[in-house]
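In: quick one, what's the 3D model for this:
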Amino acid sequence: MALLTELPPEIIHNVLRFVDPPDLALVARICRVFHYSVKGNPTVFRDVYLAHYDAPASVDDVDWERALKDVVRLQVVCSRQGADKKKDELSFVYETVNQLLQRASSDGERAAPSATYGHSRNAEFLSQLFANPENQKVFLEQSFLYERAHFKLPQHASFADPPKAEHQQSAKLHCLYGVPLLHSTRSGHGYATRATSKMGPFACSKVYDLRQYTERTRWGPFMDDGSDRTDWEKVEAIMLCLGSNLDKLGLNKFPICRQFWSVPFAGVWPGSYMRLPMLGPDKANQEGDEELDDPYGITGTWLRVVCFLDYTDFFHFNFNPDGDMPSNVPRRAISYGEATRLILMKISVSAVEPPGPGDGQALPVVHFKGVSRSLDDNWDENANSDMRGTVRLTPEGEVRWTTWSLFNGQERWRSESVQVGGVRSAKGVLGNWFDKDYDPRGPAGPTAFWKISDQVSRGAERELMTDNHDGIDLPDGDYYPDEEVDDDEDGGEPEDEEDSEDGFGFGNIEDVEIEFVAGSAAEVAEIIARLQR
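Out: Below you'll find the predicted structure:
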């Protein structure tokens, strides 16, 4: 029998393809034959990488040896025992996680029946690494907000100007992780733990602080220097604030929210959005209308969440004479009761124009229009409106969304947001809403929205918001393989498009609920009941 080392190089190469990435370096130390089979052989590194991780959309600029070694080092760093042995690796972890997500792909099966993104081996790998609470604490909880909650800072510590790189890196990692870490344990002296902080009040103190809303920040989640660079600590605070409210209302248990707020690294990479299977033709496209270019994947139905304070509380928080302090010192943590609204937006592209001199140049500026309707049958007048907006790239390449809410043709509210994960990311958009005239007295607050359907007309996909998938070839969810499903489903037929009052399929709120929310009529009723509590 021939020894392995005596086999032709092609066969040795095919054997090495199946080596676990951390073992490849050990294989190269076994003997001279294996050493020269691995050293300086980018094809081996490429094949081992592709055997375990996603194939990048573009492979022309990939250094396969560097890419594989970075992933192995990431595993080693995250497997170390003790925070002190890994805390200095934040910058490396940040760069490697970002690179893995930029190279992620979702060409495989759907991550879960109700998910709008596919299964990614890169995302699954990162989810396993960050399932370790110590890794969460060391890498995801190092922003100014968490340092403040952990009492690592003096009582009146000021914001760093500009923000510290490590604060921004940790905050962005947390946003990419995508699950708000609402409770953070502080380390004690001589003890494993000392106390647990609720992060919601600290996040709210940042989100509702009007001093954060300036001309230089565009009143959105951007740096206070006019550069339009994303301020990830603001985005993190928005995510925590909204996540805390959804958690209090118990809305995270519904698939339409759970897939975006409770699953780590869910669709946080460019191009991750995966349209749901069509159960029928989209009536909006049956008239032969010419479709405009939609590089950002705008056209469709989006679910939006908006939170706000009672204006009396908001005003007292911002203009209390006893609370006057320098603009670079954070206000106190607050636990005021917030209101939450779930809103459906149906939008479509209306115009496309070249990017301006202050925009990222890789993609055009796209305008859209549409309507929004509240899911709360209190019929909040501020939630039911016409809409218009723009989507563009920032100079650093992030996706910036600007929306206006129109009442009787007049603008009232505006929002500025960024899309977490990049162009066509399924994760969605996080940002700030405020008065369209930038009223220095407010109000203002957090908002998020994510795409749930490509359709803007009523009908074809409503069954996909239920747990009855008869006749639909969808795989079981990888993130929830043991989850039980309900077979309850509303069986109403969609109305004709001409019956719609607005052309976007909103005939009345009952139709909206049945069509697009996370389940049967009973499930919709429970969502609305929770919103009204």
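In: what's the neighbour count on the residue nearest to Glu236 when sequence neighbours are not counted?
Out: When the adjacent residues along the chain are set aside, Glu236 lies closest to Ala171, with 4.1 Å between them (CB to CB, 6 or more residues apart in numbering). (C-beta placed from N, C-alpha, C; glycine too.) Counted by other CB atoms under 10 Å, the residues lying close to Ala171 total 27.
In: can you tell me which helices and strands the one helix or strand Ala171 maps to packs against?
Out: Under the criterion DSSP states H and E, the helix or strand holding Ala171 is helix 165-177. Based on contacts counted as 3 or more CB pairs under 8 Å, 6 or more residues apart in numbering; DSSP states H and E, the elements that helix 165-177 packs against are helix 90-102, helix 144-149, helix 232-249.
In: between the ones you listed, which gets nearest to Leu176?
Out: Between Leu176 and those, the shortest gap by CB to CB is with helix 90-102, which sits at 6.3 Å.
In: spatially central residue for the chain, please.
Out: Geometric centre of the chain, nearest residue: Lys427, 3.6 Å, by CA atoms, centre = their mean.
In: which SS state does that one fall under?
Out: Under DSSP: H, G, I helix; E, B strand; the rest coil, Lys427 falls in the coil class.
In: what about it, distance to Tyr53?
Out: From Lys427 across to Tyr53, the span is 20 Å (CB to CB, to the nearest Å).
In: show me what contacts Phe434?
Out: 213, 219, 413-415, 442-445 (CB atoms under 8 Å, 6 or more residues apart in numbering).
In: quick check, it in a strand?
Out: Yes: judged by three-state DSSP, Phe434 forms part of a strand.
In: that one and Glu416, how far apart?
Out: Distance of Phe434 to Glu416, computed by CB to CB: 8 Å.
In: joint contacts of the two?
Out: With CB under 8 Å, 6+ apart applied, the overlap between the contact sets of Phe434 and Glu416 consists of Trp219.
In: the stretch 51-200 of the chain: strands as residue ranges?
Out: For the stretch 51-200 of the chain, strands defined by DSSP state E, counting those that start in this stretch occupy the ranges 183-186, 195-198.
In: I figured Phe317 hits Ala333, correct?
Out: No: taking CB atoms under 8 Å as the contact criterion, Phe317 and Ala333 are not neighbours in contact, 10.7 Å apart.
In: name the residue in these two with the higher neighbour count.
Out: The residue with the greater number of neighbours, taking Phe317 and Ala333 and applying other CB under 10 Å, is Phe317; the counts read 20 against 17.
In: residue contacts, the more buried one?
Out: Taking CB under 8 Å, 6+ apart as the definition of contact, the neighbours of Phe317 are 208-209, 309, 323, 331, 334, 336.
In: wait, what's in contact with Arg17?
Out: Under the criterion of CB under 8 Å, 6+ apart, the contact list for Arg17 reads 44, 47-48, 51.
In: among these, the buried ones, what's the PyMOL command?
Out: Once 16 or more other CB atoms under 10 Å is used to decide burial, the buried members of the contacts of Arg17 can be selected in PyMOL as follows:
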select buried, resi 44+47+48
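In: and which of the contacts of Arg17 is nearest Glu65?
Out: The closest of these to Glu65 turns out to be Val44 (CB to CB; 8.8 Å).
In: next, the buried residues of the longest strand anywhere in the chain.
Out: When secondary structure is assigned using DSSP state E, the longest strand within the chain turns out to be strand 338-353. Of the residues in strand 338-353, those buried by neighbour count under the rule 16+ other CB under 10 Å are 338, 340-350.
In: over to stretch 134-149?
Out: For stretch 134-149, burial by neighbour count (16+ other CB under 10 Å) applies to 135-149.
In: re the thing from before, quick check: PyMOL command selecting the buried ones in the contacts of Phe317.
Out: Buried members of the contacts of Phe317, defined by 16+ other CB under 10 Å, are picked up in PyMOL with:
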select buried, resi 208+209+309+331+334
